[in-house]
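**Q** predicted model, plus sequence, below.
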Amino acid sequence: MPTPQAALDYAKRFVGQLPVDDAAIKLRVLNDAHAKLWMAAPWRWTVESLEVVTVVNDQQEYDLEEHEDFLFLVSSKITDGESIHDLIPCSTLPVTDVFKGLPRQVQYVKGEPDKLRLFPVPTGYSNPPKILSVYKRKLTPLSEENIDEDYSNLGIPDEWFWVYQEIVLLKAMQFAHDPRLGGVTYSEDKAAYTGQHGVVEAVIDEMRRAEEKFFDSLGMVVTHE
């Protein structure tokens, strides 16, 4: 069964049985690898839809249900059922009743309740459009309670477990100061990877290519190395 603990056992054999599974370090190794894979792209198992919001003329903010796993907006679209255009997710937008027009930007505002804030303030609609949004979920941390459970319980398909395993090996090699670790160099704002660093970047890029149609469905362009 492909579990986080199995990935660590695999890595330990490659670094000469050094104590990468020591209680003080193993969860850090496993969680760092988990976070790197989770955040590498808007994978289909890391995103979720917000509820559909109906736009109201001259109303800038819209109450949402509570989403405890919300991390950030990935994409947002406004549609009347026929035409559709993208809204740009922003970290912050002004509260205003002055700037009105066709909304171009959107912010997820944490609060009680959480809200969507549009900018400019929508106005002039005879057929109120809807807003469709997708957000990135927070990852579920690995702990002593779940590292022996199937990694797919966190949503990641078993078919991609080997990629996670390679990232765990990278973290183990960092711990072991293994010469096969390789490194990262930059030239003209481009990164070049060697050793296990290069292996990890290559296999994540392979995942991105295989999952590309799902990124396209979000209206996103995900670059490849």
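**A** Great, that's in hand. Residues are numbered from 1 along each chain as shown.
**Q** looks like Ile88 contacts Gln105 (just checking).
**A** Yes. Using CB atoms under 8 Å as the test, Ile88 is close enough to Gln105 to be in contact (4.8 Å). Yep, even glycine has a C-beta here, placed from its N, CA and C like the rest.
**Q** which is the next helix or strand following the lengthiest strand in the chain?
**A** Identified as the longest strand of the chain according to DSSP state E is strand 70-79. Going down the chain from strand 70-79, the next helix or strand is strand 84-89, by DSSP states H and E.
**Q** ok, back up a step: just give me how far the longest strand of the chain sits from the chain centre.
**A** Relative to its parent chain, strand 70-79 has a centroid offset of 12 Å by CA atoms, centre = their mean, to the nearest Å.
**Q** that strand vs strand 84-89, what angle?
**A** Between the axis of strand 70-79 and that of strand 84-89 there is an angle of 150 degrees, by axes from the mean of the first three to the mean of the last three CA atoms, to 10 degrees.
**Q** list the pairing partners of strand 70-79 within its sheet, with orientation.
**A** strand 84-89 (antiparallel), strand 130-137 (antiparallel) (DSSP bridges).
**Q** which one is Leu116 nearest to, not counting chain neighbours?
**A** Tyr62 (4.7 Å; CB to CB, 6 or more residues apart in numbering).
**Q** can you list the strands that the helix or strand that neighbour falls within pairs with?
**A** When secondary structure is defined using DSSP H and E, the element that contains Tyr62 is strand 61-63. Applying DSSP bridges to the sheet, strand 61-63 is found paired with strand 115-119 (antiparallel).
**Q** so how far is Glu144 from Asp22?
**A** Here Asp22 is placed at a distance of 13 Å from Glu144 (CB to CB, to the nearest Å).
**Q** and for Arg44?
**A** Using CB to CB, one gets 29 Å for the distance from Arg44 to Glu144.
**Q** just the terminal-to-terminal distance for stretch 86-101.
**A** Across stretch 86-101, the straight-line distance between its terminal residues is 15 Å, by CA to CA, to the nearest Å.
**Q** buried stuff in that stretch?
**A** The neighbour-count criterion (16 or more other CB atoms under 10 Å) identifies Leu87, Pro89, Leu93, Lys100 as the buried residues of stretch 86-101.
**Q** tell me which stretches of the chain form strands.
**A** With strands called from DSSP E, the chain shows them at 47-49, 53-54, 61-63, 70-79, 84-89, 100-101, 105-109, 115-119, 121-122, 130-137, 184-187, 190-193.
**Q** in CSV: the ones you listed, plus distance to His177.
**A** Output for those, formatted as CSV (distance: least, CB to CB, whole Å):
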stretch, distance to His177
strand 47-49, 37
strand 53-54, 52
strand 61-63, 52
strand 70-79, 33
strand 84-89, 40
strand 100-101, 58
strand 105-109, 42
strand 115-119, 48
strand 121-122, 57
strand 130-137, 34
strand 184-187, 16
strand 190-193, 18
